[in-house]
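>>> could you work out the structure for the sequence below:
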Amino acid sequence: MEEMAKRNATNFFPALYGMNPRELRRRVASKLTDKICVVSNKTVVESGDSGGPLLLSSAPGKWTQIGTLTGGPCHGKDAPMHDYYTQIDCEWIAIQTDNEVQCQ
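Residues are numbered from 1 along each chain as shown. A predicted model of the protein is given here:
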């Protein structure tokens, strides 16, 4: 499984696989100013999931949407899961819904 994950990751970003996280942030942060990068080994985002919410548990039983899925370079059961979400805020939601949806 580890070898498959390595092979899948290097197909997408050969220069980034195995890079020190601090160095990765330095190289990528300035290019992803409006994105949130989410890494998980428990969930898989598949084709057709675009537009789905990124939710944050802000209190017991309360969820806050902080992003919308826009894509990810590594998908599949055995691949590292690096998915990208576009950051959203209340102003953006109000504009997109003609003020029909209010948020806090």
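>>> mind saving the C-alpha coords of the biggest strand by length in the chain as PDB?
Across the chain, the longest stretch assigned as strand under DSSP state E is strand 62-74. Presented in PDB, the C-alpha positions along strand 62-74 are these (Å, rounded to 0.1, in the frame of the first residue of the first chain):
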ATOM      1  CA  LYS A  62     -22.900  22.700  15.600                       C
ATOM      2  CA  TRP A  63     -21.200  22.700  12.200                       C
ATOM      3  CA  THR A  64     -19.800  25.600  10.200                       C
ATOM      4  CA  GLN A  65     -19.100  25.500   6.500                       C
ATOM      5  CA  ILE A  66     -15.700  27.000   5.900                       C
ATOM      6  CA  GLY A  67     -15.100  25.900   2.300                       C
ATOM      7  CA  THR A  68     -16.400  24.300  -0.900                       C
ATOM      8  CA  LEU A  69     -14.600  21.400  -2.600                       C
ATOM      9  CA  THR A  70     -12.800  22.500  -5.700                       C
ATOM     10  CA  GLY A  71     -10.500  19.500  -6.500                       C
ATOM     11  CA  GLY A  72      -7.500  17.500  -5.500                       C
ATOM     12  CA  PRO A  73      -4.500  15.900  -7.200                       C
ATOM     13  CA  CYS A  74      -4.500  12.500  -5.400                       C
END
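>>> okay, now the sheet partners of that strand, with direction.
strand 53-59 (antiparallel), strand 81-87 (antiparallel) (DSSP bridges).
>>> weakest of the ones you listed in terms of mean pLDDT?
Here the lowest mean pLDDT among these goes to strand 81-87, at a mean of 64.
>>> now do the buried residues in the helix or strand following it.
Counting by DSSP states H and E, the next helix or strand C-terminal to strand 81-87 is helix 90-96. For helix 90-96, the buried set under the neighbour-count rule, 16 or more other CB atoms under 10 Å, comprises residue 93. Any C-beta I mention is one placed from the backbone N, CA and C, and that applies to glycine too.
>>> could we number from 26 for the rest of this?
With 26 as the first residue, the last one maps to helix 115-121.
>>> can I get helix 115-121 in CSV, CA atoms only?
What follows is helix 115-121, C-alpha atoms only, in CSV (Å, rounded to 0.1, in the frame of the first residue of the first chain):
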residue,chain,number,x,y,z
CYS,A,115,-20.6,35.1,4.8
GLU,A,116,-20.3,37.9,2.3
TRP,A,117,-19.7,35.4,-0.5
ILE,A,118,-22.6,33.3,0.5
ALA,A,119,-24.9,36.3,0.6
ILE,A,120,-23.8,37.4,-2.9
GLN,A,121,-24.2,33.9,-4.3
